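Asks: next come a sequence and a model predicted from it.
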Amino acid sequence: MRTKKISLNYYENMFDIADANQFSALQYSDNGAPDLERQRMVAVLKNIVRFELTDRQRDCVELVYFGGMKMAAAADELGITVPTLSKHLKKARARIQKIMLLSFPRLQKGGGCGVE
């Protein structure tokens, strides 16, 4: 069985790109003022992925969600089966959701953030 560990530098680089391109719209409220809660959500999400997930969960999240790999390709890259990859992603999503809901109580009231 082949395994490959993705370095933390890879992950940090992915977020640098995401900060500049994908999350830029989340940095400001509708009136153009900085949206501090959204900035905090992004920071908390980064920290959850960095420090709260297992190494295997982090690797799976990076390849599938940030790397855009198909499930079969990501599983092959990590040397695991697709059902095992799915299990790691499911547990990672549950952990992310739990912490985001604890950190941002308004999300429990249907405020929405895309964490499901």
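Replies: Yes, it's here.

Asks: tell me the contacts of the closest residue to residue 61 other than its chain neighbours?
Replies: Excluding its sequence neighbours, the residue lying closest to residue 61 (C-beta to C-beta, 6 or more residues apart in numbering) is residue 92, at 5.2 Å. Every C-beta, even on glycine, is put in place using the N, C-alpha and C of the backbone. Contacts for residue 92 were tallied using C-beta atoms under 8 Å, 6 or more residues apart in numbering; they are 53, 57, 58, 60, 61.

Asks: looking at these, which one is closest to residue 38?
Replies: residue 61 (20.4 Å; C-beta to C-beta).

Asks: okay, now that closest one: neighbour count?
Replies: 22 (other C-beta atoms under 10 Å).

Asks: go on, residue 37?
Replies: 12.

Asks: again with the one 5 residues further on
Replies: Using other C-beta under 10 Å, residue 42 is surrounded by 17 other residues.

Asks: pLDDT score assigned to it?
Replies: In this model, residue 42 is scored at 87, pLDDT.

Asks: relative to residue 36, how far out is it?
Replies: The gap separating residue 42 from residue 36 is 11 Å, by C-beta to C-beta, to the nearest Å.

Asks: which of the residues in the longest helix seen in the chain are buried?
Replies: In the chain, ranked by residue count with DSSP state H as the criterion, the top helix is helix 82-103. For helix 82-103, the neighbour count (16 or more other C-beta atoms under 10 Å) marks 85, 88, 89, 92, 95, 96, 99, 100 as buried.
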